[in-house]
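>>> Kindly generate the corresponding structure for this input.
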Amino acid sequence: TILAVVSGLTLAGASAISHDLYASVIMHGHATEGKEVTVSKIASIGLGIVAVLLGLIFEKQNVAFIVALTFSVAASANFPVLVLSMFWGGLTTRGAVIGGTIGLLMSVIMVVLSKAVWVQSFGFQAEIFPFAYPALFSVPAAFIFSWLFSILDNSPRAAEERAAYEAQAIRSETGLGAEGAASH
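Next up, the predicted model:
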């Protein structure tokens, strides 16, 4: 089971790096499949090295805080963007990226500053953030900043995104218009 989880996470990470970051962001959609596979292999090795180094660094530590970190990150970075994208037509890419990033950063920073990491792992006398689970603060912040930066976004792209919301909502909720295969 552990091998399946580790291999799945490695595959997902390498895929995200090679396809999402390299092919889509760096190469702007003009990467060859062969180059993507090469980047994926290099990313797998890099992720493995990072995992081994982190394992050595935290060898004698109680890493139970990682559970809190994963749920906090999911609740803070993903949940607000998903909910707003499904139920609010005013969400823009800028608002989603900024809100999700703020939720992510707040949750990671607050977990690091909490007792589980700051005191028990790093050995400081007292924690800076007094709560074990930061989602109470980071989730509302992600919602607020997603909303704020979406309503402040007056770019032409934001207007296109707002105009396309209703058709996307109908398609996502009913499946109408999703019958045919898409070419990539």
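
>>> Okay, domains of the protein per the record?
Listed by the TED database, the domain ranges of the chain are 1-59, 62-176.

>>> would you turn these into a markdown table with mean pLDDT?
Listed next are those as a markdown table, based on pLDDT from 0 to 100:
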| stretch | mean pLDDT |
| --- | --- |
| domain 1-59 | 91 |
| domain 62-176 | 90 |
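
>>> now, of those, which is deepest in the fold?
Of all the domains of the chain, domain 62-176 carries the top mean neighbour count, a mean of 17, counting by mean count of other Cβ atoms under 10 Å. (Glycine included, C-beta is placed from N, CA and C.)

>>> Tell me the span between the first and last residue of stretch 66-82.
23 Å (Cα to Cα, to the nearest Å).

>>> what sits up against it?
With contact meaning Cβ atoms under 8 Å, 6 or more residues apart in numbering, stretch 66-82 is reached by 91, 96, 99-101, 103-104, 106-108, 110-111, 114, 116, 132-135, 138-139, 141-143, 146.

>>> try 10 Å
58, 63, 65, 91, 95-97, 99-108, 110-112, 114, 116-117, 132-147 (Cβ atoms under 10 Å, 6 or more residues apart in numbering).

>>> Report the secondary structure state of P130.
coil (DSSP: H, G, I helix; E, B strand; the rest coil).
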